[in-house]
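Mind folding the following:
(one chain, ligands or ions: 1)
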Amino acid sequence: MNARDAGAAAPLRAKRKASPGSVRRAFQPWNDPAAEPLVVFRNVTKRFDMVTAVDNLSLALYPREFFALLGASGCGKTTLMRMLAGFEQPDAGEILLDGVDITAVPPHRRPINMMFQSYALFPHLSVGDNIAYGLRREGLPREEITRRVAEMLALVKLDGLEKRRPDQLSGGQRQRVALARSLAKRPKLLLLDEPMAALDRKLRESTQFELMDLQSELGLTFMVVTHDQDEAMTMADRMAVMNHGRLVQIGPPDEIYEAPTSRYVAEFVGDINILEGRVTSVAGEIVRVETAMAGAVELDEEAASLATGETIFVGLRPEKITLGHDEPAQAANKVAGEIWDIGYLGDFTMVQVMVGGDDGQLLKVALANRTRRIDRPFAWEDRVWLSWDVEAGLVLPP
Ligand code: ATP
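Now for the predicted structure:
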């Protein structure tokens, strides 16, 4: 591009509005040492009889952050949220809000609201009265309540439905009433426990984006518990994976997916193949691993802590593997196998390939369905080759 072209293009570029996504990408207060967290959990523990639901956990949430908590059932997610809302008391540690210890502050005095999975709407009250409920309890003047209810109805796009009862609404509309009710008191922090569990897939997707828009429009901080990883990845600035009451990894969704620091996180978030092997050499950033099932594997990894002879796990996401009938000439890593299963999933097909002989290991390969061709290029029992780049494999500690 010459200087004149560049000059002509510049005003156009300057006029373009930044997309919400680009704004969110620049949002990383957790990397800013000067940023003040909104919430701090400091060495918090909660026990129920013999169970340690939350175990010496520390965490900071930042103003305007959309934070998602993931983890297997019973790992302590709800307990963590309930302590923040004030419904449970920690046995040890402290919880700070804006730098102040709120452990002794009762739930209704905290600028925090929790939206439950069941929505917990009052069935006998109208939509408008459901939204107004908390405001009336706070003793706000009648005009102020009317104004806020109207504002909330407009925000969640339910204008005109304020006289209906919850049983006269669809699941998605009920979800939005619950959201409006939780937002009406203008909490600083909204805790959402499985906010979309009752919605079908299409409605979930559109609601996810609505929720993200609402959050950034109102400048709120959200903490969401969900079992749906796609949902967490779509919405969250950061996610945390919890296991047995502890946070095992915390970071932006792409980091959690592409750079898990443990086998637990790698297997919990998304699909992954795990190959067990022994390190045979470490040269610069190239690690060679001898695996029983896929032979010698080469990885490009920060390998400072790895030693020759050490047993490690190599993680390989299914979409990072290339599948072909012919042996690839130039591949850094390749292994032959036989197709055992083909699962057609619409947007992609998951192929399971047995490598290392009939008693070997099944590796999953995800193939994007880029054409509408029905006769797929691979069939059951085909002899195939799997190949992948040195950057594709992850070193996972045992
Ligand atoms: P799920 O995803 O199934 O909702 P979770 O990660 O939210 O699970 P919690 O509800 O926080 O898990 O529970 C953590 C642990 O604490 C579990 O072992 C649970 O049985 C236990 N627990 C939670 N609440 C109580 C309680 N009130 N009394 C006794 N044990 C409890």
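
Poorly predicted segments of the stretch 151-300 of the chain, please.
Scanning the stretch 151-300 of the chain for pLDDT under 70 picks out nothing.

What parts of this structure come near the ligand?
48, 51, 53, 71, 73-79 (Cβ under 6 Å from any ligand atom). In short, each C-beta sits where N, CA and C put it, glycine included.

what about the closest residue to Thr308 other than its chain neighbours, neighbour count?
Among residues not flanking Thr308 along the chain, Val279 sits closest, at 5.5 Å (Cβ to Cβ, 6 or more residues apart in numbering). By the criterion of other Cβ atoms under 10 Å, Val279 has 19 neighbours.

Val279 and Met293: what is the separation?
Between Val279 and Met293 the distance is 16 Å, computed by Cβ to Cβ, to the nearest Å.

So which residues of the protein form helices?
According to DSSP state H, the chain carries its helices in the segments 3-15, 20-25, 77-85, 127-137, 142-155, 171-184, 201-218, 229-235, 253-258, 263-268.

quick one, strands of the stretch 201-350 of the chain?
In the stretch 201-350 of the chain, the segments counted as strands under DSSP state E, counting those that start in this stretch are 221-225, 238-243, 246-251, 273-283, 286-291, 295-300, 311-316, 322-324, 333-344, 348-355.

List the residues that contact Arg148.
Residues in contact with Arg148 (Cβ atoms under 8 Å, 6 or more residues apart in numbering) are 131-132, 135, 140, 184.

Now rank those by neighbours and give me the top one.
Ile131 (29 neighbours).

pLDDT wise, what is that residue at?
Model confidence at Ile131, given as pLDDT, is 94.

tell me the two of the contacts of Arg148 that are most distant?
Greatest spatial distance among these (Cβ to Cβ): Ile131 and Leu140, at 12.3 Å.

ok, now how distant is the closest residue in space to Val395 that isn't next to it in sequence from Gly134?
What sits nearest to Val395 in space, not counting adjacent residues and going by Cβ to Cβ, 6+ apart, is Glu301, at 4.8 Å. Using Cβ to Cβ, we find Glu301 at a distance of 51 Å from Gly134.

Kindly report the same for Lys334.
Counting by Cβ to Cβ, the gap from Lys334 to Gly134 is 61 Å.

about what we covered before: the strands of the stretch 201-350 of the chain: which one's closest to Ile112?
Ile112 sits nearest to strand 221-225 of all the strands of the stretch 201-350 of the chain, at 9.3 Å, using Cβ to Cβ.

Kindly export the closest one (C-alpha atoms) in CSV.
Only the C-alpha atoms of strand 221-225 are listed here, as CSV (Å, rounded to 0.1, in the frame of the first residue of the first chain):
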residue,chain,number,x,y,z
THR,A,221,-19.7,-7.9,37.8
PHE,A,222,-21.0,-11.4,37.1
MET,A,223,-20.0,-14.7,38.6
VAL,A,224,-21.6,-17.6,36.9
VAL,A,225,-21.7,-21.3,37.8
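
Contacts for stretch 322-331 next, please.
Here stretch 322-331 makes contact (Cβ under 8 Å, 6+ apart) with 334, 336, 351, 353, 365, 367, 377-378, 382-388.

gap between that stretch and the chain center?
Per Cα atoms, centre = their mean, to the nearest Å, the displacement of stretch 322-331 from the mean C-alpha position of its chain is 34 Å.

One more: stretch 389-398?
Centroid displacement of stretch 389-398 relative to its chain, using Cα atoms, centre = their mean, is 21 Å.

give me the residue from the stretch 251-398 of the chain nearest the ligand.
Closest residue of the stretch 251-398 of the chain to the ligand, Cβ to the nearest ligand atom: Phe268 (12.5 Å).

Now that residue. Nearest residue, chain neighbours left out?
Phe268 sits nearest to Val241 (Cβ to Cβ, 6+ apart), 5.8 Å away.
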